[in-house]
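Enquirer: when you get a sec, could you give me coordinates for this:
(one chain, ligands or ions: 1)
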Amino acid sequence: MKNCICTKPAFVAPKARPAPSLLVHIETSLDIGGATSYQTFRIKHDLDAWTAARVLYGWLGEEDGPPYLERLESCRSYAWFTRHERTGRVRIVTTTCKLRWCPLCQSARRNWVSAQVSEWLAAHRMAKFVTVTLKNSDCELAEQIAYLRKCFVKLRSSSLFRRKCRGGVWFLQVKKGKRSKQWHPHMHCLIDSEFIDRRTLSGLWEKITKDSMVTDIRLVVDKDKAANEVARYCAGSARLAEHSAPEAIEIFYALHGRRIAGTWGTGRKIKLRPPKFEDRNSWKTVGGWKEVTGAGPAHATARMILDAWKNNTPLAAGVSMVPTPKSMKDLDAEFYRRPGVQPFLDFYHPS
Ligand SMILES: [Zn+2]
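Expert: Sure, this is the predicted structure:
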């Protein structure tokens, strides 16, 4: 089987080599002033996920050639505070690795999808949350996922769904039973539909899968919770930190090059990827991360930049710590020759 874990050599834990930024993080306080890089500041939100991603990409990098670990470690390592010329808003421009299992890139995707799904749910007040899964088996994860997706396509094209469901968003969740040690991939979706009886759904699912009738369908009551759930799994189908390293590697290969979320029908209004910024060249740097956060509370300019960023308030024109402001175009040119590293406008702010 293509990309099957069985064809890979046995997992050997990579040499313990914590990123320098992690060491710094552990020794310093959690406030912004204590983080010597933007990456360090962001890693602190989920140190376990970062460590799990380093182990995974460290192993893959040695086996598969592409410098995965190098890419991961460069994520959010360069960062500048930027100001929008017209609105005065302050955001971070940072380098990004765009690796699926990078927790920092996942977090950016999660924030985007969550906002999109919340907007969609506001317009579809009778949306339902549907879960379908397969009967426990010892089959490889990749095989189970392929079968689950095939069955899910049949479900969506069934006469029941064509009559009652106008569209939705689907996403995949991968779990492993603590006792059974078997993989349990689930397919979840938020659907815009009329009432569907759970027993009817279970009967149809059993007919499609031949042996599985485990389904769930319920009205979405807590919209924020539903939006967060969708966003979490659209960004990554599993939480690597909850799995052993060999399991994380199996998850990586089972999902490599495959979609883990999608939309159909009325759900297409949910854009799972943020659009390119049309006015990206309106953002100009006002200071580097280290320069601004390390200037200390007595530095009036640094304080104004940080306050505008943290509180999401406009920064007055001319407030800057750099003699020659750089545009996104300048930063693009600066990072052009570094494969896998791209400047990215990060709308994260800590307030
Ligand atoms: Zn990343």
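Enquirer: could you check which helix or strand contains Leu80?
Expert: Heads up, residue 80 is Trp, not Leu. Assigned by DSSP states H and E, Trp80 falls within strand 79-84.
Enquirer: oh, I was asking about Thr95
Expert: strand 90-96.
Enquirer: how far does that strand sit from the chain's center?
Expert: Centroid displacement of strand 90-96 relative to its chain, using Cα atoms, centre = their mean, to the nearest Å, is 16 Å.
Enquirer: mind checking the longest helix of the chain?
Expert: Scanning the chain for the longest helix, with DSSP state H as the assignment, gives helix 103-123.
Enquirer: pairing partners for the strand holding Trp80, with directions?
Expert: strand 90-96 (antiparallel), strand 283-288 (antiparallel) (DSSP bridges).
Enquirer: closest to the ion out of the ones you listed?
Expert: Nearest of the strands paired with strand 79-84 to the ion, taken as Cβ to the ion: strand 90-96 at 5.3 Å. For the C-beta atoms, the positions are set from N, CA and C on the backbone; glycine is no exception.
Enquirer: convert the C-alpha atoms of that closest one to CSV, please.
Expert: Provided in CSV are the C-alpha atoms of strand 90-96 (Å, rounded to 0.1, in the frame of the first residue of the first chain):
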residue,chain,number,x,y,z
VAL,A,90,-1.1,46.5,14.6
ARG,A,91,-0.5,42.9,13.7
ILE,A,92,2.5,40.5,13.6
VAL,A,93,4.1,39.6,10.3
THR,A,94,5.9,36.3,10.9
THR,A,95,7.5,33.4,9.0
THR,A,96,5.4,30.3,8.7
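Enquirer: quick one, that strand and helix 103-123 angle?
Expert: Counting by axes from the mean of the first three to the mean of the last three Cα atoms, to 10 degrees, strand 90-96 lies at 130 degrees to helix 103-123.
Enquirer: and the helix or strand containing Leu204, what does it pack against?
Expert: Applying DSSP H and E as the criterion places Leu204 in helix 198-209. Other helices and strands packing on helix 198-209, by 3 or more Cβ pairs under 8 Å, 6 or more residues apart in numbering; DSSP states H and E, are helix 141-156, helix 159-164, strand 215-219.
Enquirer: show me what the closest residue to the ion within the stretch 251-351 of the chain bridges to in the sheet.
Expert: Proximity of the stretch 251-351 of the chain to the ion (Cβ to the ion) peaks at Phe344, 8.9 Å away. Counting by DSSP bridges, Phe344 is bridged to Thr94.
Enquirer: kindly report the same for Met187.
Expert: Val132, Leu172.
Enquirer: got the confidence number for it?
Expert: With respect to pLDDT, Met187 has a value of 95.
Enquirer: nearest residue to Gln342 other than its sequence neighbours?
Expert: Of all residues not flanking Gln342 in the chain, Thr96 sits nearest, at 5.8 Å (Cβ to Cβ, 6 or more residues apart in numbering).
Enquirer: tally of neighbours for that neighbour?
Expert: Residues contacting Thr96 under the criterion other Cβ atoms under 10 Å number 22.
Enquirer: please, where are all the helices along this structure?
Expert: 20-27, 38-43, 47-64, 68-74, 103-123, 141-156, 159-164, 198-209, 223-235, 245-255, 289-293, 300-311, 328-335.
Enquirer: want to throw those into JSON lines with distance to the ion?
Expert: Listed next are the helices of the chain as JSON lines, based on distance: least, Cβ to the ion, whole Å:
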{"stretch": "helix 20-27", "distance to the ion": "13"}
{"stretch": "helix 38-43", "distance to the ion": "9"}
{"stretch": "helix 47-64", "distance to the ion": "8"}
{"stretch": "helix 68-74", "distance to the ion": "6"}
{"stretch": "helix 103-123", "distance to the ion": "3"}
{"stretch": "helix 141-156", "distance to the ion": "24"}
{"stretch": "helix 159-164", "distance to the ion": "36"}
{"stretch": "helix 198-209", "distance to the ion": "36"}
{"stretch": "helix 223-235", "distance to the ion": "11"}
{"stretch": "helix 245-255", "distance to the ion": "15"}
{"stretch": "helix 289-293", "distance to the ion": "16"}
{"stretch": "helix 300-311", "distance to the ion": "20"}
{"stretch": "helix 328-335", "distance to the ion": "14"}
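Enquirer: having no further points to raise, I will conclude here.
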